[in-house]
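1. Dropping a prediction and its sequence here:
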Amino acid sequence: AANEEHVGSLKQQLAKLFEASLRTTVPDELDVEPLIAACNPRFGDYQCNNAMSLWTKIKGKGSEFTGPQPIGKAIMNNLPHSEMVDKCSIAGPGFVNVVLSKDWIAKSIQKMLINGIETWSPKLTVKRAVIDFSSPNIAKEMHVGHLRSTIIGDTLARMLEFSNVEVLRRNHVGDWGTQFGMLIEFLFEKFPNVEVVNDQAIGDLEAFYKASKQRFDSDPGFKERAQQAVVSLQGGEEKYRKAWAQICEISRRGYQRVYQRLGIKIEEKGESFYNPYIPRVLEELDKKGLIEESEGARVIFIEGKNIPLIVVKKDGGFNYASTDLAALWYRLNEEKAEWIIYVTDVGQREHFEMFFTAAKRAGWLPAGENMYPKTNHVGFGLVLGEDGKRFRTRSTEVVRLVDLLDEAKSRCKAVLVERGKADEWTEEELDQTAEAVGYGAVKYADLKNNRLTNYTFNFDQMLNDKGNTAVYLLYAHARICSIIRKSGKNIEELKKTGTIVLAHPDERALGLHLLQFAEIVEEACTNLLPNVLCEYLYNLSEFFTRFYSNCQVVGSAEETSRLLLCEATAVVMRKCFYLLGIVPVYKI
Ligand code: ARG
């Protein structure tokens, strides 16, 4: 049923209507797509903006029209009759304003309540996408930069999945490269007789990394053995492969714990996975004439860039770029992905631009914009500390992710205890709520900003229960649930028997905003901007507050309709939370 009822976003539904009108109005202009945008609320809810550009296209070509305004009028008059439209008008040079019917808005909400929010998901044309995110480096601690990548990547994956795209969530971990020579050699030195080294034995893997690096830098003998170890590892020698696998496994278990706490699903296909593909991918690029010799290295020159993309180092080894080229080849050809999205800090923009350009030159990707298959680098800014500098703890250490999550949780728990919840709730309930609110707050504080800007990490701010925070939004949602609960009505029954009526202007405004959910998700997906969804969610809570302060719910003549509106708001809020990776709470 959900599929039959699937309606797409509001804009998509309007576009269908206007498309029909355009076919009648300008039958020769088959490639014209309806341009639908929100409009000035004084004139309506949406407008169709095709008249101007159509006029530029057809004027002087013997058309019956004398200007953009007559075209707009014709578009308006040819609009097929539809329940969704209340009235239309023309503004300026042919804009067609549309006022949606509030009965239709009410009906749509009611249908969604019965058939599920999935019927409101946008339909994207892409079938399969790869999202390359999180991607920490083995033996190094996951830091806040990786936290950003993890949070942003997960949200994008959730939004695309909701929009009917199959998403391959890929963890491109740094598990290959010359640093493994030194790590393996150090492991052999420290545990000469141990078969299986576990995390207890190694303890802090990052400290292990540092110690081995120190040894590498100060002892020429060790350095030589380490370099030899790289050769043995890459030659596939059993003993070295085993040691490598052990180090990776310890690291993996560490970040798996973080993923579990944050509710992140991701599949590891690290750099090592693509290593066997590199030679033939480079051979293909070489045959196409892309690869040149430069200062002993093999490189691809990119127009407009001062430095070339190095694909084979002077010593003959492969690097980050050669791995990424092989991974892209694999994703396009083996995994048949049409959209490949990389989430890293903006500092890597140049790297991505360069290898995307190389892929275009190789003919792997079309040259034009917005053609598929396509790649996008989703860059993000720094996490800053209170001092405006890169976020660090007192020492020069990077901030450990697990410590941040621990603190977020314990602060939330303290607040709950302070509010007397310890007497009402079980320990488990306290913990679950503290985690939901604490981790949710960390995620939301990150996602609500445009990802390109730096943001300041501040617990007091993100855990404030007023303002644009997850805490505020989670509480708002819980409050709506409690309004419904306390009404004593069976909401499942009301969904079937009751009717939504949007008589009050604040009811209509809330209803329209609810209906705009799908187009917001669509916009957030197309532009890869999670903050768009955060803004929508925050505005939703504001529309609800206005409605709730001006329209009495429980005990009023409109109680049924208004309870249904409360329920719809809660449903949409929960879907927003889900898409942002935030776990809702039902009582506070
Ligand atoms: N491991 C890299 C880092 O920590 C990120 C990898 C991003 N993905 C990629 N395909 N290059 O900076």
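-> Nice, thanks for sending it over. Numbering: from 1, shown residues only.

2. you'd agree residue 567 is up against residue 492?
-> No: judged on CB atoms under 8 Å, residue 567 makes no contact with residue 492 at a distance of 9.5 Å. Every C-beta, even on glycine, is put in place using the N, C-alpha and C of the backbone.

3. and those two? which has more neighbours close in?
-> residue 567 (22 against 9; other CB atoms under 10 Å).

4. for the more buried one, helix, strand, or coil?
-> The three-state assignment at residue 567 reads helix, by DSSP: H, G, I helix; E, B strand; the rest coil.

5. Find the nearest non-adjacent residue to it, please.
-> Take residue 567 and drop its neighbours on the chain: the residue closest to it by CB to CB, 6 or more residues apart in numbering is residue 491, 5.3 Å away.

6. what sits against the one you found?
-> For residue 491, the contacting residues are 484, 563-564, 567, by CB atoms under 8 Å, 6 or more residues apart in numbering.

7. Quickly note the distance from it to the ligand.
-> 45 Å (CB to the nearest ligand atom, to the nearest Å).

8. Just flag the most distant two among the contacts of residue 491.
-> Farthest pair in the contacts of residue 491 (CB to CB) is 484 and 564. Separation: 9.5 Å.

9. Pick out whichever of the two has more residues nearby.
-> Set residue 484 next to residue 564 and count neighbours by other CB under 10 Å: residue 564 wins out with 23 against 19.

10. returning to that earlier point: and the contacts of residue 491, which is closest to the ligand?
-> Taking CB to the nearest ligand atom as the measure, the ligand lies nearest residue 567 of those, at 41.6 Å.

11. sorry, back to before: can you tell me which of the contacts of residue 491 lies nearest to residue 371?
-> Proximity of the contacts of residue 491 to residue 371 was ranked by CB to CB; the top entry is residue 567 with 42.2 Å.

12. residue contacts, the closest one?
-> Taking CB under 8 Å, 6+ apart, we find residue 567 in contact with 113, 484, 491, 494-495.

13. likewise residue 140?
-> Per CB under 8 Å, 6+ apart, neighbours of residue 140: 174, 206, 209.

14. Report how many residues lie close to the last one.
-> Neighbour count for residue 209, taken as other CB under 10 Å: 22.

15. so which strand or helix has it?
-> Assigned by DSSP states H and E, residue 209 belongs to helix 205-218.

16. any idea which element the residue lying closest to residue 13 once chain neighbours are set aside lies in?
-> Leaving aside its sequence neighbours, residue 13 sits nearest to residue 7 (CB to CB, 6+ apart; 5.9 Å). When elements are assigned from DSSP H and E, residue 7 belongs to no helix and no strand.

17. Isn't residue 7 up against residue 119?
-> Yes: applying CB under 8 Å, one finds residue 7 in contact with residue 119, separated by 6.1 Å.

18. Nearest to residue 513, out of the contacts of residue 567: which one, please.
-> Closest to residue 513, out of all of the contacts of residue 567 and judged by CB to CB, is residue 113, at 15.7 Å.

19. quick one: the nearest residue to residue 374 once chain neighbours are set aside from residue 168, how far?
-> Distance criterion CB to CB, 6+ apart; nearest residue to residue 374, sequence neighbours excluded, is residue 339 at 5.8 Å. Residue 339 sits at a distance of 10 Å from residue 168 (criterion: CB to CB, to the nearest Å).

20. now residue 34
-> Separation of residue 34 from residue 168 (CB to CB): 32 Å.

21. Please apply the same query to residue 402.
-> From residue 402 to residue 168 the distance is 27 Å (CB to CB).

22. which residues in the stretch 351-500 of the chain form strands?
-> Assigned by DSSP state E, counting those that start in this stretch, the stretch 351-500 of the chain shows strands spanning 374-380, 383-384, 455-456.

23. Counting by contacts, list what the second one packs against.
-> Helices and strands touching strand 383-384, as assessed by 3 or more CB pairs under 8 Å, 6 or more residues apart in numbering; DSSP states H and E, comprise helix 144-162, strand 455-456.

24. ok so, going back, could you export the contacts of residue 567 as CSV, including distance to residue 374?
-> Below are these laid out as CSV (distance: CB to CB, whole Å):
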residue, distance to residue 374
113, 37
484, 44
491, 43
494, 45
495, 41
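
25. Am I right that residue 170 sits in a strand?
-> Yes: checked against three-state DSSP, residue 170 lies within a strand.

26. for the ligand, what are the nearby residues on this protein?
-> Residues of the chain found near the ligand (CB under 6 Å from any ligand atom) are 132, 135-137, 172, 174, 324, 327, 342, 344.

27. any idea which residue sits dead centre in this protein?
-> By CA atoms, centre = their mean, the chain has its centre lying nearest to residue 156, at 2.0 Å.

28. tell me the pLDDT at residue 6?
-> For residue 6, the model assigns a pLDDT of 74.

29. Surely it and residue 116 touch.
-> No: with contact defined as CB under 8 Å, residue 6 does not reach residue 116; the gap is 10.0 Å.

30. Now the residue lying farthest from the centre of the chain: phi and psi?
-> Most distant residue from the mean C-alpha position of the chain: residue 62, 48.2 Å away (CA atoms, centre = their mean). When read as degrees, to the nearest 10, the backbone of residue 62 gives phi 70, psi 30.

31. how close does it sit to residue 28?
-> Distance from residue 62 to residue 28, by CB to CB: 11 Å.

32. ditto for residue 339
-> 33 Å.

33. And those two? Which one has more around it.
-> Neighbour count, other CB under 10 Å: between residue 339 and residue 28, residue 339 has more, with 23 against 8.

34. Using CSV, write out every CA atom in stretch 60-71.
-> Extracted in CSV, the C-alpha atoms of stretch 60-71 (Å, rounded to 0.1, in the frame of the first residue of the first chain):
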residue,chain,number,x,y,z
GLY,A,60,11.1,36.2,-32.5
LYS,A,61,10.3,32.7,-33.6
GLY,A,62,6.8,33.3,-34.8
SER,A,63,5.2,32.3,-31.5
GLU,A,64,1.6,33.3,-30.7
PHE,A,65,2.7,34.8,-27.4
THR,A,66,3.5,38.5,-27.1
GLY,A,67,5.5,38.4,-23.8
PRO,A,68,6.2,36.5,-20.7
GLN,A,69,3.0,37.5,-19.0
PRO,A,70,0.7,36.0,-21.6
ILE,A,71,2.8,32.8,-21.4
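
35. Mind checking the pLDDT average for it?
-> Stretch 60-71 comes out at a mean pLDDT of 91.

36. can you pull the buried residues of that stretch?
-> 65, 68-71 (16 or more other CB atoms under 10 Å).

37. which residues touch it?
-> Taking CB under 8 Å, 6+ apart as the rule, stretch 60-71 contacts 25-26, 50-52, 54-55, 58-59, 74, 90, 93-94.

38. Please state the offset of that stretch from the chain centre?
-> 44 Å (CA atoms, centre = their mean, to the nearest Å).
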